[in-house]
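**Q** need a 3D model of the following:
(chains A, B and C)
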Amino acid sequence: MKMLRWVLPAMALACFAVSASAQEKTGNRPGFTLAPGSARIVLMRPSIRVGEQSTGGMFEPNADWTDQAKENLGRAIAAAQSGLGNAIVSYEEAAGVDSGRVAEYRALFSTVVDSVIVYQFFVGNRLETKKRKGSFEWTLGPDIAKLPGLQNADYALFVTVEDHYGSTGRKVAQLFAAMAGVGMTSGVHKGFAGLVDLKTGDLVWLNADLQMGGDVRTAEGAQRRVSQLFEGFPGRTGSRPVVTPLISKAAVPAPTTTSAAVATMVD
Amino acid sequence: MEADEEERVLRDSRFVITDLKLNAYVRNIFCRTVGDERCKNVRIYILRIPHLNATMYPNGMMTIWSGLLLRVRSEAELGAVLGHEFAHFELRHSLKGFQAQRSTGDWLTWTALLGVNMQSAMIGSFYSFTRDQEKQADLLGLEYLAKSVYPSSVAANIWDRTMAEQDAAEAGRKRKARHSYSAGIFASHPTDLTRSKYLREAAAKQADAGDPGEAAYREGMASWLPEFLHDQIKLNDFGGSEYLLQQLAGDNWTSELLYTRAQLYRLRGNPRDLVSAAQFYQQAIDKGFSRADARRDLGLTLLRAQQIESGRMALQRYLDENPEAPDKAMIAALLAD
Amino acid sequence: MDGARTLILLAIVAASSAASGNKLISPRTKIAVARSPLMVNPSIEWNKLDARPGRNAETWTLDGDALNDVTFYGGIPAGKTLFAEVDKRNRPLPRVSATMLLTDIPPLFENSYRIALDTPLMNIDSVEPMAFAGSKGVRFTYSFTRQNEEVHRRGEGRAAMIGGKLYMITYEAPILHYFDKSLAAFRQLADSASF
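**A** Numbers count the residues shown, from 1 in each chain, chains lettered A, B, ... in the order given. Sure, this is the predicted structure:
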């Protein structure tokens, strides 16, 4: 039964706020390389959700923010695409085709990446079977190649962005928490970018972090997020990896008491 | 025009009930309440979620939860709730979804911080704003109803029954009725009692008339009622579910309602419940309940209540009458014991 | 849901001070599960998760419990719930009863999921007799989808009432790719159950 363990990303996140060092953010399937100009990559429609976090930590989607983010990220991705070294085309959802099937693969991608974060990137919680040296074995399954529109492509590129910004109520809570010397982090700023080999369905490259930078509701912020998402993208040419500082760490006072840990967990 | 992202995601959701007939019926009630001109700006999604709620988004998307459809008794009552949601849209309130869950979630955080000197007055002010919005929407919703074919007098009924259901749920869990008759500082909605009172006063001023459409609503929901009831009785809320069943039945226990009531008692499964469940199954069968399940469930209930012989007879009869039953191997195995 | 989540997190915080991490389960070795006398003998490697769904339960996985989840329920006594309750006041879970017939087990499981996962999209798809751990038992299949996740999962369970207590093993995974991939490994595990 899930419940208990599916909240681990939140717990992992809370822990990272305290010690970010225990988390990895990038995975590569051993032996995977991609030469510039050698592959056709299809960009799946990004999953984007932006909303507020209420005082209780409940996520409330905000349709306006989501649409702003969708527009900003769309532009930033289009601008970044030319620098990624390979032809990237956007996935065309053919009219009348089962859009639910595509949606389900996007959902599965997010679920797989959540699992990578909790059971591989979060070193202290890594599964024993995932500990073998250099191992990065994660997959969406080979049937993904059967989605209409992917027949002539080599790779599918999935992008998931989910941002929870603090609400007024939550900010007041944080204020009181700060008065009490309790740390309470503000929001989730999740960014996943993953490349899936369409011959096998395997995840060959992944960038995933629950605390990415850049306010996706603004054009500049979205650019920053996208450059972080595609950092280290295989086969990219020209630019050196962008070093983005870890955000919001400094904003969180180090918790010292049990109640402090509890308040942080609520995020 | 490309639909909003939020709505695109919702459209593919497995929780959306796509039945065209149900959607057309519900939409028609909404349109009759607010008028075609307003109605055309709204896209309705019926979600299979067994709790009383409906939400309205600033882009014209409305969600109606199946738990609401189960709880309203007439077209007019459904129109009252949908009119309230639409009023938010027309009043351009900055809307927040998930308010019901939000209030409980909020309590938890605040309680986690209770050791801190909490300035409750300051926090309270954030929420009273929303509470005023709720009242405005209630009253505008009532005006729609008064101008429509439906009578505005029904709007208060929903809140009265909501309170009664909550009391029944608490009693079913052996607790005292707890619902607050005054809104707490964090409550973003007025209490049901306050609501019911001002809605009744406003409706009295309107003094409009009309057919609430109870019979039509029963007919419109007939094919979905068993599904929605099925979701309800599995929530382990005996008191609330029994209250809803009694409301639905009035003085006419149909075979469907009797069967559901039997299921509810059997799920709780106390020795006396099993006796009651067996009676209700039998009554449902006597009233011509259409599905073979009732015979099987009667047998299983009797077996569990240690009425072995009659239980076995019912199960044997189920197998005889349904040689192709999908669970025939399971039932046969129980009989072989 | 999230209020409940907060409580779970609090529980995890409380429990995690004594956390020892996830453990490797080696193949071809008989091992007791769920703090109970129930034994299984796996044919492949599994990971046993440190976090338990409840006092008398334990979870094994290959790639994480969202992708493949085998949960053992080791003799849940009458009056207890299948897994830890997250909101006992508002969403109490149904409880095991000593008088339950085999056919009462799948509905108990279904309703526990519906309440704990807050979804009406949870259904038992088939029920048939099958011996479990040497006793008369039941095999059932199910499928479910959680709100705000939209991943459609399928599951299979085996269970029996033994000495008035519920013993059960379940397996669940996303229908896309994962369910079929490890179904044989689960069935082998379930077949190996003994005391």
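**Q** and for residue C:27, the neighbour number?
**A** 10 (other CB atoms under 10 Å in any protein chain shown). (C-beta placed from N, C-alpha, C; glycine too.)
**Q** quick one, grab the pLDDT at it.
**A** At residue C:27, the model reports a pLDDT of 95.
**Q** how about residue C:161?
**A** pLDDT at residue C:161 comes out at 96.
**Q** my guess is it meets residue C:100, correct?
**A** Yes. Counting by CB atoms under 8 Å, residue C:161 touches residue C:100, with 5.9 Å between them.
**Q** look at these two and report which has more neighbours.
**A** residue C:161 (26 against 18).
**Q** which SS class is the more buried one?
**A** Classification of residue C:161 using DSSP: H, G, I helix; E, B strand; the rest coil returns strand.
**Q** anything in stretch B:291-306 near chain C?
**A** Yes. Counting by CB under 8 Å from any CB of the partner chain, chain C has neighbours in stretch B:291-306: B:300, B:303, B:304.
**Q** show me the contact partners of that stretch.
**A** Under the criterion CB atoms under 8 Å, 6 or more residues apart in numbering or on different chains, residues B:259, B:262-263, B:266, B:269, B:271, B:274-275, B:277-278, B:281-282, B:284-285, B:308, B:310-318, B:321-322, B:325, B:327, B:331, B:334, C:99-101, C:103-104 lie in contact with stretch B:291-306.
**Q** now neighbour count too, for the residues of stretch B:291-306 next to chain C, in CSV please.
**A** Output for the residues of stretch B:291-306 next to chain C, formatted as CSV (neighbours: other CB atoms under 10 Å in any protein chain shown):
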residue, neighbour count
B:300, 26
B:303, 23
B:304, 21
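**Q** return the subset of those lying in helices.
**A** B:300, B:303, B:304 (DSSP state H).
**Q** which among the residues you listed gets closest to residue B:155?
**A** Using CB to CB, residue B:300 comes nearest to residue B:155 of these, at 43.3 Å.
**Q** now that closest one: how far from chain A?
**A** Relative to chain A, residue B:300 is positioned 25 Å away (CB to the nearest CB, to the nearest Å).
**Q** so where do the helices sit in the stretch 151-267 of chain A?
**A** With DSSP state H, counting those that start in this stretch, the ranges of helices along the stretch 151-267 of chain A come out as A:168-179, A:219-229, A:258-265.
**Q** now stretch B:76-93 - C-alpha only, PDB.
**A** Provided in PDB are the C-alpha atoms of stretch B:76-93 (Å, rounded to 0.1, in the frame of the first residue of the first chain):
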ATOM      1  CA  ALA B  76     -33.900  23.200  -8.500                       C
ATOM      2  CA  GLU B  77     -31.500  22.200  -5.800                       C
ATOM      3  CA  LEU B  78     -28.800  21.400  -8.200                       C
ATOM      4  CA  GLY B  79     -29.500  24.700 -10.000                       C
ATOM      5  CA  ALA B  80     -29.000  26.500  -6.700                       C
ATOM      6  CA  VAL B  81     -25.500  25.100  -6.100                       C
ATOM      7  CA  LEU B  82     -24.400  25.600  -9.700                       C
ATOM      8  CA  GLY B  83     -25.900  29.100  -9.700                       C
ATOM      9  CA  HIS B  84     -23.800  29.800  -6.600                       C
ATOM     10  CA  GLU B  85     -20.700  28.600  -8.400                       C
ATOM     11  CA  PHE B  86     -21.500  30.700 -11.400                       C
ATOM     12  CA  ALA B  87     -22.100  33.700  -9.300                       C
ATOM     13  CA  HIS B  88     -18.400  33.600  -8.200                       C
ATOM     14  CA  PHE B  89     -17.500  33.700 -11.900                       C
ATOM     15  CA  GLU B  90     -19.800  36.600 -12.600                       C
ATOM     16  CA  LEU B  91     -18.600  38.500  -9.600                       C
ATOM     17  CA  ARG B  92     -15.000  37.900 -10.700                       C
ATOM     18  CA  HIS B  93     -14.100  36.600  -7.300                       C
END
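**Q** buried ones in it?
**A** Judged by neighbour count using 16 or more other CB atoms under 10 Å in any protein chain shown, the buried positions of stretch B:76-93 are B:76-90, B:93.
**Q** and the least confident of those residues?
**A** residue B:93 (65).
**Q** list the buried ones in stretch A:146-158?
**A** Buried, per 16+ other CB under 10 Å, within stretch A:146-158: A:147, A:149, A:150, A:153, A:154, A:155, A:156, A:157, A:158.
**Q** who in the stretch 101-250 of chain A is up against chain C?
**A** Near chain C, when you scan the stretch 101-250 of chain A using CB under 8 Å from any CB, you find A:103-105, A:107-108, A:111-112, A:114-115, A:118-119, A:124-129, A:138-143, A:201.
**Q** and the residues you listed, which of them are in helices?
**A** Going by DSSP H, the helices hold A:103, A:104, A:105, A:107, A:108, A:111, A:112, A:114, A:115 from these.
**Q** just give me the residue closest to the centre of chain C.
**A** Nearest to the geometric centre of chain C sits residue C:71, at 3.4 Å (CA atoms, centre = their mean).
**Q** that one - that's part of a strand, no?
**A** Yes. Looking at residue C:71 with three-state DSSP, it is inside a strand.
**Q** following element in sequence after the worst-scoring helix or strand of chain C on mean pLDDT, please.
**A** Here the helix or strand of chain C ranked lowest by mean pLDDT, DSSP states H and E is helix C:2-16, holding a mean of 37. Using DSSP states H and E, the helix or strand that follows helix C:2-16 in sequence is strand C:23-25.
**Q** partners of that next one, with directions?
**A** Applying DSSP bridges to the sheet, strand C:23-25 is found paired with strand C:46-48 (antiparallel).
**Q** so for the partner strand, mean pLDDT?
**A** Rounded mean pLDDT across strand C:46-48 is 97.
**Q** identify all contacting residues around that strand.
**A** The contact list for strand C:46-48 (CB under 8 Å, 6+ apart) reads A:127-129, C:22-25, C:58-62, C:70.
**Q** mind checking which of these are buried?
**A** A:127, A:128, A:129, C:22, C:25, C:58, C:59, C:60, C:61, C:62, C:70.
**Q** next one: phi and psi at residue B:60?
**A** phi 100, psi 10 (degrees, to the nearest 10).
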